[in-house]
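> Let's see this in three dimensions:
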Amino acid sequence: MSTGRRDHPPHENGADSDGDDEREEGDDGDEGEEEEQEEDAEEEPRLKYQRLGGSVPTILSTDAAAAIAVAERMVALGTHNGTLHILDFQGNQVKEIAAHTATINDISFDADGEYIGSCSDDGTVVISSLFTDEKLKFEYHRPMKAIALDPDYSRNYRRFATGGLAGQVLVLTKKTWGGGYNKKVLRDGEGPIHAMKWRTDLLAWANDAGVKVHDMKTDKGIAFIERPKGIPRPEFLVPHLIWQDDSVLVIGWGTSIKIAAIRTDSSQGLNGLQRTITTASSEKYVDIVGSFQTGYHISGIAPFGDLLVVLAYIPDEDDKEKKFRTSVPSRQGTAQRPEIHLVSWKNDELTTDALPIHGYEHYKAKDYALAHAPFSDAEDHIAWLLQHGFHEKALAAVEAGQGRTELLDEVGSRYLDHLIIERKYAEAAQLCPKLLRGSPSAWERWVFHFAHLRQLPVLVPYIPTENPQLSDTAYEVALVALTTNPSFHELLLTTVKNWPPSLYSASPVISAIEPQLNSSSMTDQLKEALAELYVINNQYEKALSLYAELLKPEVFEFIEKYNLHDAIHDKVVNLMILDSKRTVYLLIQHRDIIPPYEVVEQLLHTSKNCDKRYLLHLYLHGLFEIDIHAGKDFHDMQVELYAEYEPRMLLPFLRTSQHYRLDKAYETFAQKEFVREQVFVLGRMGNAKEALSTIINKLEDIQEAVEFVMEQHDDELWDELIRQCLQKPEMVGMLLEHTVGNLDPLYIVSLVPDGLEIPRLRDRLVKIVTDYRTETSLRNGCNDILKADCVNLLVKYYHEARRGVYMASMDEEAHGNRADDGSLRATERSTSVRALDIKSRTRCGARCCLCFDPLPIQDISVIVFYCCHAYHLSCLEGGLDLMKSNSNQDSDNGSDDGGSPSAESRMRCVLCTTAAA
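Modelled structure (predicted):
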């Protein structure tokens, strides 16, 4: 038996099972060597040949093969003793079915590969389940030659068709109730049935007359194809039927091959000829789309894509000349090797291979069989590509969906191995996600393999962190591998930032990095990676040290996030270099934790390449603005720093601070020639005359000199100012201009020596006189305005005093309160009337301002003053007596009668008198 790439042949009866794949025994050895030399240029073979091993040699050692069939997952081998052997594709027996007592002639699988049917010369048909013990047996008492299970056998009433020497085509269908099977005869009386194939709803069989196709759905015959003329009887050359697809039937019989297509277009007939019988458009018919003769006898036929694989029997030359008119076989031992021909529908031969069958001389055409299953030949194609080193093409084929999915693992592994051998590590790493996919074990195996080769850094970027997630050891090994070489440190940093911390333990990686801290291999990337690992390991202070050393801008957020203010004592300089503004703010806000003397000490004694005095100035300046006393111990230093970096801040600082040495400050200002600062210090030192001399001689600013003298509040200093100005005529003129309102210009003029020329004296005197007149006019105007205001206020007061005083009773007061709650009658009056009404009432609301009792009490006099305060007479007299006794004044009016008019006129308002006192 022979097979193409998609076929799986068992041993032929009498064939050896030693696995020898050699071709012609007489092949020249030199040709083999030439083939080996040309192996690189060898084209991929169309077909592959392999002997079945496993249980097949044992089976054939005691029996002979009689029939074979192939399903998607298994091979069925029928023997002459009637046993059915179920094998896998390696030849290992999976199941043995004792089906018959004589030779098995035909085997058929259903489409699902769950049931198998067989027929035998003992006249029985047996249908068995491949996965259960179910088995049905039918007796027909005549040799049965062909059987075909309905492709949907298990779902279509367990239907099958069979035939044999009785010449009947039987279709059996299981009854829907009562058990048993319904038997139907499709054809009878046309000779023995030699072959039968069922595809979808189409059943084809061959008898002595030819081939018939029957539509099982409509139960109508579709076509009859006559037996080719000039071929021997079926007893010598059996017909072979095979469905290439659902509508193409291939017939191989004798030396003839026909391809029949099942059509539904009623307008065309066989071979494209116009049909003469009008039928329904849905009626099926057969169209012969291909037909040709061969130079050999056909022992088997199978589809191969758009091609055909033909098992060719090459008879002896004498046999070719004979006519097959008798049943007497030709002499034995003269046959040639069987061949496999790969042909097109037009009989174009693409490949011809002679099969290494032992004992082929003794076999006839009907002793061979060709079985096939609708397998893809992609796996053999992929295997050939791998064998010849075309790994990339093999991978592309697998990715294109050719072959089993499991092949991707095998192809991927072999491709990676090939790349590793070629030392193409980067290319191998890049392919790992595609080849290893979601297999954790495969990923870990290759991680450790790359680590063993010391090439793990090229794989790290492709290692998955989820789907699949590997063991923590795999991730740790990968990270440690990146610590060994400075060229990998950037990748290590990126990886640590990108990988979730839950994947691994940071401690092993930290242990691998820490010994390098003080070595030449330590890089900034490695330090940052170590800092990230410290964070993962909750070692925040160590991480802060590295961040500060690396001058990372995010260190400030890091400090706030983890409250690490206590840990920045020794990191002031680094932080100031990184961002002085944020550092100053941080240090000032937490000066209780980091006192100023620590900050100053670090900045003064740092060895880092930075402007430490400027950084110190920024810190002390910021500290002074927040708390003028916090850095008082460093105000002497701050004077120098202001003089060096920000002189404009000196005077505000000098005026505010009391904690700097005046002599040292003066010395600094003298060196820097800061005149105004010298003046200020001299003034604070009490040396006002020298300060004034400095202003006049160095600044020559009379206005500033005048302001300085005014601040000192020293009359002698005015004389000193005049004395020094008299030495410079220009200064005298300027002094005259700026002392108006402070000194009498006539006094200054009287001190001027005779004969002293003062520039622009006339203009300045005119200006002095003009300014004096202006000032006098302003004063007079202000006095007039003041007097007018006083008269107006007195007149107003007089008019107010002449107004009557309204005294309301308690009932009227209560009634007024209720009216106020119920309405807003006051809003209807004008503002002036409302003000007049309020001023006309007593300020105590019709009550005595001393006893707070209502004023209208019978037989008690009431005194009301113009200030609107009202008193009972008795209350007022008592209040006045108390005031007199407290002030220890002699009472000239003590004998006056309080009830007399004269006494009443001398009474005063107690409240107003007390307030005035």
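
> next one: stretch 122-132 to chain centre, how far?
Its chain's C-alpha centre and that of stretch 122-132 lie 60 Å apart, by CA atoms, centre = their mean, to the nearest Å.

> now the helices for the stretch 251-400 of the chain?
With DSSP state H, counting those that start in this stretch, the ranges of helices along the stretch 251-400 of the chain come out as 317-321, 378-387, 391-399.

> Which among those helices is found nearest to Asp636?
helix 391-399 (79.4 Å; CB to CB). Heads up, the C-betas are built off the backbone N, CA and C, glycines and all.

> before we move on, the earlier item: can the helices of the stretch 251-400 of the chain go into a markdown table with extra columns for mean neighbour count?
As requested, the helices of the stretch 251-400 of the chain are exported to a markdown table (neighbours: other CB atoms under 10 Å):
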| stretch | mean neighbour count |
| --- | --- |
| helix 317-321 | 11 |
| helix 378-387 | 19 |
| helix 391-399 | 19 |
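
> can you list these in CSV and add mean pLDDT?
Listed next are those as CSV, based on pLDDT from 0 to 100:
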stretch, mean pLDDT
helix 317-321, 53
helix 378-387, 78
helix 391-399, 81
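
> and those helices as TSV, adding distance to Cys782?
Output for the helices of the stretch 251-400 of the chain, formatted as TSV (distance: least, CB to CB, whole Å):
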stretch	distance to Cys782
helix 317-321	153
helix 378-387	115
helix 391-399	104
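
> Of those helices, give the one that comes closest to Gly54.
helix 378-387 (18.6 Å).

> Quick check: chain neighbours aside, which residue is closest to Ile231?
Spatial nearest neighbour of Ile231, excluding adjacent residues (CB to CB, 6 or more residues apart in numbering): Gly254 at 2.9 Å.

> Count the residues that sit near the one you found.
Residues near Gly254, counting by other CB atoms under 10 Å, number 24.

> What segments of the stretch 1-150 of the chain are strands?
Using DSSP state E, counting those that start in this stretch, the strands found in the stretch 1-150 of the chain span residues 65-70, 75-79, 83-87, 93-98, 104-109, 115-120, 124-129, 135-139, 144-149.

> Give me the sheet partners of the first one and which way each runs.
The reference is to strand 65-70. strand 75-79 (antiparallel) (DSSP bridges).

> so how far is the partner strand off the chain centroid?
Distance of strand 75-79 from the chain centroid (CA atoms, centre = their mean) equals 57 Å.

> quick one: average pLDDT of it?
Average pLDDT, strand 75-79: 95.

> Now do that strand and strand 83-87, the angle between them.
If you take axes from the mean of the first three to the mean of the last three CA atoms, to 10 degrees, strand 75-79 sits at 160 degrees to strand 83-87.

> that older thread, among the strands of the stretch 1-150 of the chain, which is nearest Leu873?
Per CB to CB, nearest to Leu873 of these: strand 124-129, 135.5 Å.

> What is the closest one packed up against?
strand 115-120, strand 135-139, strand 144-149, strand 160-164 (3 or more CB pairs under 8 Å, 6 or more residues apart in numbering; DSSP states H and E).

> centroid residue for the protein?
Asn498 (10.3 Å; CA atoms, centre = their mean).

> Tell me which of the strands of the stretch 1-150 of the chain is the most buried.
Comparing the strands of the stretch 1-150 of the chain by mean neighbour count (mean count of other CB atoms under 10 Å), strand 115-120 comes out on top with a mean of 28.

> Can you list the strands that it pairs with?
Checking strand 115-120 against DSSP bridges gives partners strand 104-109 (antiparallel), strand 124-129 (antiparallel).

> closest to Ala478 out of those strands?
Ala478 sits nearest to strand 104-109 of all the strands paired with strand 115-120, at 50.9 Å, using CB to CB.
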